[in-house]
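Visitor: Below is the sequence, then the predicted model.
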Amino acid sequence: MYTVHPRNDECFYLRLLLVNVRGPKSFAHLKTVNGHQCQTYREACQLLGLLENDSHWDLTLADSVVSSNAYQIRTLFAIIITTCFPSQPIQLWNKYKYAICEDILHRLRIQTNNPDIQITDEIYNEGLILIEDQCLTIANKLLIEVGMIAPNRSMHDAFNQELNRELQYNVDTLQEFVRNNVPLLNEQQKQVYKTLMQAVDNNTGGLFFLDAPGGTGKTFVISLILATIRSRCDIALALASSGIAATLLDGGRTAHSALKLPLNLNTIDTPTCNISRSSAMGKLLMQCKLIVWDECTMAHKKSLEALNFTLKDLRRNNNIFGGLMILLAGDFRQTLPVVPRGTNFFCYIFEKENI
Ligand SMILES: Nc1ncnc2c1ncn2[C@@H]1O[C@H](COP(=O)(O)OP(=O)(O)OP(=O)(O)O)[C@@H](O)[C@H]1O
């Protein structure tokens with residue numbers, strides 16, 4: 001019998017029932033426990049006592065209630081429900097929801113200048129939305145997919161949060177930034193800026209590599225390109241291999257977090273990003289004009305391959321990176337020429353794509 005990962009929700013519980021229930025005659029039979037027809041396979045497993053009890057997660061949350069603030073408890077709760085698969089997440093929520101939402105109540109009291117406001121269902125709903133945002137970031141899952149109650153917001157909002165994040169820039173500020181800084185570019189920077197903006201305007205896609213010694217203004221030019229595209233209300237995604245490099249770019253994020261790259265890149269033959277077409281990030285990648293990846297010389301070659309495969313799949317386009325324009329920037333002079341315990345396997349993606 002095939003193995004099923006617990007993340008594969010109902011499939012996992014169906015398999016558990018198939019292994020444990022003797023002589024099932026139908027799927028409905030599997031869902032029936034002591035004459036009660038359950039709504040889900042998970043509920044049936046629950047009633048049959050096939051799931052672990054959640055006492056250790058209960059204790060973990062109880063500990064954090066004593067020592068952590070509401071934001072930290074909320075993050076812990078999101079991690080537990082997305083990665084630890086507790087059998088009754090709703091019970092945990094009901095038990096700790098006050099501690100999880102305490103900061104929202106506090107904020108509301110300060111905003112309204114009214115210390116008498118008490119916790120309400122709206123505040124709990126706000127808490128659920130924040131938890132769901134974290135679940136989407138951690139595992140690309142909505143709350144209902146991890147056995148929780150769904151917050152009261154339209155699916156549209158939930159799926160568009162990544163888009164909203166990329167479209168929230170102030171156009172006037174960006175235009176002013178571009179106006180003030182383009183004249184500062186030196187000749188070579190001007191040439192890079194012109195070439196790249198021409199490629200963006202022509203919408204031809206392609207892979208560009210910006211190589212220059214440290215301190216010569218790579219990040220400066222990239223910031224200008226990002227600002228120019230965003231000032232036209234288009235989407236440009238800023239990624240970097242390290243957190244520090246990401247902080248230098250406006251709206252910068254680490255490639256691992258934004259692209260949901262697998263952690264065990266070394267051991268997977270053809271890694272892909274954990275992004276589906278219907279997910280928020282999937283929609284963003286389908287719409288964006290440019291992806292900039294700063295300090296890409298520090299990235300594992302398979303992370304670029306994963307992005308290549310994923311974009312080809314998402315955009316249904318067999319050109320390199322699904323026909324999307326990619327700007328890689330970095331400086332091999334600042335990267336160790338030797339990969340510790342590496343093999344000649346660590347050659348770059350360019351070989352594969354004949355670039
Ligand atoms: N044309 C320019 N006019 C004014 N300042 C500039 C210009 N080009 C670069 N700078 C400044 O020079 C400094 C170094 O530039 P930047 O950080 O972009 O270099 P870098 O090539 O990205 O360096 P590294 O490879 O170390 O990340 C920054 O403070 C940047 O603002």
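Guide: That came through, no problem.

Visitor: Leaving aside the residues adjacent along the chain, what's closest to the residue in the stretch 201-350 of the chain that the ligand sits nearest to?
Guide: Per Cβ to the nearest ligand atom, residue 217 is where the stretch 201-350 of the chain lies closest to the ligand, at 3.0 Å. Heads up, the C-betas are built off the backbone N, CA and C, glycines and all. Excluding the flanking residues, the one nearest residue 217 by Cβ to Cβ, 6 or more residues apart in numbering is residue 189, at 5.5 Å.

Visitor: what element comes up after the one helix or strand residue 91 maps to heading to the C-terminus?
Guide: Taking DSSP states H and E as the criterion, residue 91 maps to helix 89-112. Counting by DSSP H and E, the next helix or strand C-terminal to helix 89-112 is helix 121-139.

Visitor: so where is the stretch 1-150 of the chain shaky, pLDDT-wise?
Guide: 1 (pLDDT under 70).

Visitor: Now for the residue in it that the ligand sits nearest to: which residues touch it?
Guide: Residue nearest to the ligand within the stretch 1-150 of the chain (Cβ to the nearest ligand atom): residue 137, separated by 26.5 Å. The contact partners of residue 137, taken as Cβ atoms under 8 Å, 6 or more residues apart in numbering, are residue 257.

Visitor: give me that answer again for 10 Å
Guide: If a contact means Cβ atoms under 10 Å, 6 or more residues apart in numbering, then residue 137 has 78, 82, 161, 162, 257, 258, 260, 280, 281 as its contacts.

Visitor: Surely the second one is in contact with residue 140?
Guide: Yes: A contact is recorded between residue 82 and residue 140 when judged using Cβ atoms under 10 Å, the distance being 9.2 Å.

Visitor: Show me which of those two is the more surrounded one.
Guide: Legend: neighbour count by other Cβ atoms under 10 Å for residue 82 and residue 140, higher for residue 82 (23 against 20).

Visitor: three-state assignment of that one?
Guide: For residue 82, the assignment made with DSSP: H, G, I helix; E, B strand; the rest coil gives helix.

Visitor: This protein against the ligand: which residues are in contact?
Guide: Contact residues, the chain versus the ligand (Cβ under 6 Å from any ligand atom): 184-186, 189, 212, 214-220, 331.

Visitor: Are any of those buried, and if so which?
Guide: Those of the residues of the chain next to the ligand that meet the buried threshold are 185, 189, 212, 217, 218, 219, 220, 331, by 16 or more other Cβ atoms under 10 Å.

Visitor: Counting only helices, which of those make the cut?
Guide: Per DSSP state H, helices hold the following members of these: 189, 218, 219, 220.

Visitor: Export those residues as TSV, with columns for distance to residue 49 and pLDDT.
Guide: Formatted as TSV, these follow (distance: Cβ to Cβ, whole Å; pLDDT from 0 to 100):
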residue	distance to residue 49	pLDDT
189	67	92
218	59	88
219	57	90
220	62	92
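
Visitor: Quick check: the two most widely separated of the residues you listed?
Guide: The span of those, defined through Cβ to Cβ, is set by 189 and 219 at 11.3 Å.

Visitor: Please name the residues that touch the residue nearest to residue 217.
Guide: The contact partners of residue 189, taken as Cβ under 10 Å, 6+ apart, are 182, 212, 216, 217, 218, 220, 221, 224.

Visitor: can you give me the mean pLDDT across the one helix or strand residue 327 maps to?
Guide: Using DSSP H and E, residue 327 maps to strand 325-330. Strand 325-330 shows a mean pLDDT of 91.

Visitor: Now do it: which elements does it pack against?
Guide: Applying 3 or more Cβ pairs under 10 Å, 6 or more residues apart in numbering; DSSP states H and E, one finds that strand 325-330 contacts helix 187-202, strand 206-211, helix 218-231, strand 236-240, strand 290-294, helix 301-314.

Visitor: Now do the first one against helix 218-231, angle only.
Guide: Per axes from the mean of the first three to the mean of the last three Cα atoms, to 10 degrees, the angle that helix 187-202 makes with helix 218-231 is 30 degrees.

Visitor: list the buried ones in helix 187-202?
Guide: 189, 192, 193, 196, 199, 200.

Visitor: Among the residues you listed, which one sits closest to residue 321?
Guide: residue 199 (12.8 Å).

Visitor: now that closest one: how far from residue 234?
Guide: 13 Å (Cβ to Cβ, to the nearest Å).

Visitor: Need the overlap of contacts for the two.
Guide: 289, 290.

Visitor: about what we covered before: now for the helices and strands packed on strand 325-330, which one comes closest to residue 97?
Guide: strand 236-240 (34.7 Å).

Visitor: State the mean pLDDT of the helix or strand that comes right after the closest one.
Guide: As assigned by DSSP H and E, the chain's next helix or strand after strand 236-240 is helix 243-247. The predicted model gives helix 243-247 an average pLDDT of 89.

Visitor: Helix 243-247 packs against which elements?
Guide: In terms of contacts (3+ Cβ pairs under 10 Å, 6+ apart), helix 243-247 is packed against strand 236-240, strand 253-254, helix 255-259, strand 290-294.

Visitor: Okay, buried residues for it please.
Guide: Buried residues in helix 243-247 (16+ other Cβ under 10 Å): 245, 246.
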